[in-house]
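*Asks:* Sequence plus the predicted model coming up.
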Amino acid sequence: MPRHGGAVEEGDRRHTSAAAPRMDERVTRLRERIDSLNLDLLRLLSERAEVAEGIGRLQTELGLSHYDPVREQSMLEALVEANRGPFSDAAVKSLFKQVFQASMQLEQDQDKTRYLTSRLTRHQDTVVEVRGVPVGGDHPPVLIAGPCAIESYEQLDAVAARLAARGVSLMRGGAFKPRTDPYSFQGLGLAGLRLGREISDAYGLGFVTEVMDAADVAACAEHADLLQVGARNMQNFTLLRAVARSGRPVMLKRGLSATIEEWVMAAEYLLAGGNEQVLLCERGIRTFERFTRNTLDVSAVALAKLETHLPVLVDVTHSGGRPDLLVPLTKAGLAAGADGVMIEVHPNPAVALSDNKQQIDFEAFDEYLDATMYHGRLSPGRTELYGAEG
Ligand code: PEP
Ligand code: MN
């Protein structure tokens, strides 16, 4: 027996106890056989996967579900019937179930590549530009702040001055307000849009406003830098189509009781309509909880970031509905991956014509900025003021 390369004899091993034991040649040969069988199996599995993809495409075309439990059961039965060992029937079933599952995943992922919102279609983060402020990707989280509704020149001017002084670049303000009570303040309409534009320009701010009706899209797009589609209109497909054609970036709020899938599908309408400048905004969903107005769904923020390539914002005002939750919800949203935050600020919330319990005054806004800027990493667009700390 040669000293190297062959099987190690007992005597040899005793004398060379420091050397690593060498593999029995027969094991080596069998392992080579296994390696080659692995490659055969991989080839067959890949071939099978390609066939499964073909079936998946046809099922999608025909509107059929990919999952067919009866078919799966009959395949397993045929495999158990053909099984001659040494694997037990249970082991064969479990192995093939894994194969079926992987194929199904492939078919589902293949479906998702049809969707323009999907990360599988576009891997890089989309960056949305709102009046020169980039939102998403590696850019610092932005802040959109301002009153619930535009009420007067004096009110909006005071807010704008404060925002500009604190380095916030984007101002919100509703001119068309979706109100539960038809007798409550409905917004200033076109006059509000004009005020929003004029005052934003005076302070160099981007103007964000909600559009409620397809008929108002042109006017809103003419005056605003970012169009908001509100929670109550998330599935107003006519509005979504009109907003898609507006040429303006859009922020799509999640519906009060919308699933993440419904929300993302609504965004799909915007992209399919030719508008790629789309932001998603999680604004809290309806749950049984009564201590908060809505429940901020932090997992939806993380999931929207995973499933889509679109920037995601959190509306910390309408979600919690409580000024004392603004800081923790901001931190939670940003920790979950949000690209920005929306908050309502009013010179005198007590007399606000809408959402007067949840808007905050300037003093509270200063405290909010101090608390979130440094600890929550929230950074308004004016990086020359806050970028270093943000
Ligand atoms: C708003 O932001 O002004 C608003 C009405 O929010 P939502 O659509 O999320 O209720
Ligand atoms: Mn509001």
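*Replies:* Sure, I can see it. None of the values given here were measured: they were computed from a predicted structure. Ligands and ions are numbered 1, 2, ... in the order given.
*Asks:* Okay, domains of the protein per the record?
*Replies:* 26-111, 128-372 (automatic domain parsing).
*Asks:* Ligand 1 is nearest to which of the ones you listed?
*Replies:* domain 128-372 (3.1 Å; C-beta to the nearest ligand atom). Placement of C-beta: from N, CA and C, glycine included.
*Asks:* what's the burial count for residue 260?
*Replies:* Residue 260 has 19 neighbours, counted by other C-beta atoms under 10 Å.
*Asks:* hang on, I meant residue 93
*Replies:* For residue 93, the count of nearby residues is 16 (other C-beta under 10 Å).
*Asks:* Would you agree it is in contact with residue 79?
*Replies:* Yes - judged on C-beta atoms under 8 Å, residue 93 makes contact with residue 79 at a distance of 7.3 Å.
*Asks:* still on that earlier bit, of all the domains of the chain, which gets the most neighbours per residue?
*Replies:* Most buried of these, by mean neighbour count (mean count of other C-beta atoms under 10 Å): domain 128-372, with a mean of 20.
*Asks:* Report whether that one contacts ligand 2.
*Replies:* Yes - counting by C-beta under 5 Å from the ion, ligand 2 is contacted by domain 128-372 at 148, 355.
*Asks:* Is there proximity between that domain and ligand 1?
*Replies:* Yes - using C-beta under 6 Å from any ligand atom, domain 128-372 reaches ligand 1 at 148, 174, 178, 210, 230-232, 253, 283, 315, 318.
*Asks:* tell me the contacts of the residue most central in space within the chain?
*Replies:* In the chain, the residue lying closest to the centroid (C-alpha atoms, centre = their mean) is residue 304, at 1.8 Å. When contacts are counted by C-beta atoms under 8 Å, 6 or more residues apart in numbering, residue 304 touches 260, 263-264, 280, 282, 310, 312.
*Asks:* ditto for residue 341
*Replies:* When contacts are counted by C-beta under 8 Å, 6+ apart, residue 341 touches 141-144, 313-316, 330, 333-334, 372, 378.
*Asks:* go again using 7 Å as the cut-off
*Replies:* The contact partners of residue 341, by C-beta atoms under 7 Å, 6 or more residues apart in numbering, come to 141, 143, 313-314, 316, 330, 333, 378.
*Asks:* State the pLDDT value of the closest residue to residue 245 other than its chain neighbours.
*Replies:* Leaving aside its sequence neighbours, residue 245 sits nearest to residue 273 (C-beta to C-beta, 6 or more residues apart in numbering; 6.1 Å). pLDDT for residue 273: 97.
*Asks:* that older thread, could you redo the residues of domain 128-372 next to ligand 1 as CSV and give each row pLDDT, secondary structure and distance to residue 71?
*Replies:* Listed next are these as CSV, based on pLDDT from 0 to 100; DSSP: H, G, I helix; E, B strand; the rest coil; distance: C-beta to C-beta, whole Å:
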residue, pLDDT, secondary structure, distance to residue 71
148, 97, coil, 54
174, 98, strand, 52
178, 96, coil, 47
210, 98, strand, 48
230, 98, coil, 44
231, 98, helix, 41
232, 98, helix, 42
253, 98, strand, 41
283, 98, coil, 42
315, 98, strand, 45
318, 97, helix, 46
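*Asks:* how about the nearest residue to residue 302 once chain neighbours are set aside, what does it touch?
*Replies:* Distances taken as C-beta to C-beta, 6+ apart place residue 336 nearest to residue 302, at 4.5 Å, with adjacent residues excluded. Residue 336 sits next to 298, 301-302 when contact means C-beta under 7 Å, 6+ apart.
*Asks:* Would you mind measuring from residue 336 to residue 300?
*Replies:* Using C-beta to C-beta, to the nearest Å, one obtains 9 Å as the distance from residue 336 to residue 300.
*Asks:* Likewise for residue 86?
*Replies:* 48 Å.
*Asks:* same question, residue 133
*Replies:* Between residue 133 and residue 300 the computed distance is 24 Å (C-beta to C-beta).
*Asks:* any weak-confidence spans in the stretch 1-150 of the chain?
*Replies:* Applying pLDDT under 70 to the stretch 1-150 of the chain flags residues 1-21.
*Asks:* list the contacts for the residue of it found nearest ligand 2?
*Replies:* Closest residue of the stretch 1-150 of the chain to ligand 2, C-beta to the ion: residue 148 (3.2 Å). Neighbouring residues of residue 148 by C-beta under 7 Å, 6+ apart: 174, 344, 352, 354-355, 359.
*Asks:* Which of the residues you listed fall in strands?
*Replies:* residue 344 (DSSP state E).
*Asks:* From the contacts of residue 148, pick the one nearest residue 223.
*Replies:* Nearest to residue 223 among these is residue 174, at 12.5 Å by C-beta to C-beta.
*Asks:* Nearest spatial neighbour of that closest one, chain-adjacent residues omitted?
*Replies:* residue 149 (4.5 Å).
*Asks:* my read: that neighbour touches residue 187, true?
*Replies:* Yes - in this structure residue 149 lies within contact range of residue 187 using C-beta atoms under 7 Å: 5.5 Å.
*Asks:* Mutual contacts of the two, please.
*Replies:* 174, 177.
*Asks:* Report all helices and strands that the longest helix that the chain contains contacts.
*Replies:* The single longest helix within the chain, with elements called by DSSP state H, is helix 25-62. Secondary-structure packing of helix 25-62 (3 or more C-beta pairs under 7 Å, 6 or more residues apart in numbering; DSSP states H and E): helix 89-112.
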